[in-house]
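Asks: Predicted model and sequence follow; I will ask about them next.
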Amino acid sequence: MEKIGESDQVEELFKTPQSEETKGEEKTVSESSSAQEKLYTLPDGRKVTAEQVYEEYQKLLPEFTRRSQELSELKKKTEIVEEDDTARQVREELKKHGVVFKDEFEQEKNRLVENLRRELEYEQRLKELEKEINGSDGRPPFKKDEVLAHMSKVPIYDPLKAYEDLHRTKLDEWKIQQFLAKKQGLSSYETVRGGSVGAPPPAAPKKSLGKMSDEEVRQLISEELSR
């Protein structure tokens, strides 16, 4: 029994150093592996470890996600534009064959209604001017056909302005007659012509007012004012 115990002890003495040596070798290998850990080269030239690569990935992930979403939205818009172009081409082709679309029909109807409304308003305006300027106050009467014919020759689109342009000379004479009548205390040209007021109408100028120069007209008015 004693021999066996001694043998075991001797055996243990030889085993222990061997185990410590093995552990030392493992530690050396581990340190060497750590020192020689694989490095990765980034696009910017930096050398980093696997752990650093992961950290860089985590930083870039939000930007990558955002750009992916933008790319997806852009793709959708491109598809919509392509669909719109196709629909437009089909629409144009159908129009060539006489197809009238509802939206275009509504637009054309609204345009015609608006034009008709303007024509009615214009016609009403002409009737009002014919009624208002009928010649009873001494002005040349407003005649619709006459004014419209004049408007077709000159770039004037307002009927009243066209009337004034057509009868400028006669209207100038009428305005002066109005002025002279008021100077004598009469209310209007009508009272002068109708003789409803006792005072005689102003003497007619020797020349037609339309043939007078601006200086002669001013002289005539000055004489009347000095009376």
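Replies: That came in fine, so what should we check first? Residues are numbered from 1 along each chain as shown.
Asks: Please spell out the segments of this structure that come in under the pLDDT threshold.
Replies: By pLDDT under 70, the low-scoring segments of the chain are 1-37, 42, 57, 77-84, 100, 183-214, 217-218, 220-227.
Asks: Quickly list the domain ranges of it.
Replies: For the chain, the structural domains run 86-166, 168-227, going by automatic domain parsing.
Asks: any idea how far Leu39 lies from Leu60?
Replies: Distance from Leu39 to Leu60, counting by Cβ to Cβ, to the nearest Å: 19 Å. C-beta: built from backbone N, CA, C; applies to glycine.
Asks: Could you do Arg118 as well?
Replies: Counting by Cβ to Cβ - Arg118 and Leu60 are separated by 65 Å.
Asks: what's the longest helix along the chain packed up against?
Replies: In the chain, with assignment by DSSP state H, the single longest helix is helix 50-96. Packed against helix 50-96, as judged by 3 or more Cβ pairs under 8 Å, 6 or more residues apart in numbering; DSSP states H and E, are no other helices or strands.
Asks: Following element in sequence after it, please.
Replies: Using DSSP states H and E, the helix or strand that directly follows helix 50-96 along the chain is helix 102-132.
Asks: now that following helix against helix 50-96, angle please.
Replies: Put simply, helix 102-132 runs at 60 degrees to helix 50-96, going by axes from the mean of the first three to the mean of the last three Cα atoms, to 10 degrees.
Asks: can I get the CA coordinates of the helix or strand following helix 102-132 in CSV?
Replies: In the C-terminal direction, the helix or strand that comes right after helix 102-132 (DSSP H and E) is helix 144-151. Below are the C-alpha coordinates for helix 144-151, written out as CSV (Å, rounded to 0.1, in the frame of the first residue of the first chain):
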residue,chain,number,x,y,z
LYS,A,144,-75.5,101.0,-82.2
ASP,A,145,-74.7,99.9,-85.8
GLU,A,146,-72.9,103.1,-86.5
VAL,A,147,-70.7,102.8,-83.4
LEU,A,148,-70.0,99.1,-84.0
ALA,A,149,-68.9,99.9,-87.6
HIS,A,150,-66.5,102.5,-86.2
MET,A,151,-65.1,100.0,-83.6
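Asks: after helix 144-151, next one along is what?
Replies: From helix 144-151, the next helix or strand downstream (DSSP H and E) is helix 159-166.
Asks: quick one: buried residues of the helix or strand just after that following helix?
Replies: For helix 159-166, the following helix or strand on the C-terminal side (DSSP H and E) is helix 168-183. Buried residues in helix 168-183, counted by 16 or more other Cβ atoms under 10 Å: Leu171, Glu173, Trp174, Ile176, Gln177, Gln178, Leu180, Ala181.
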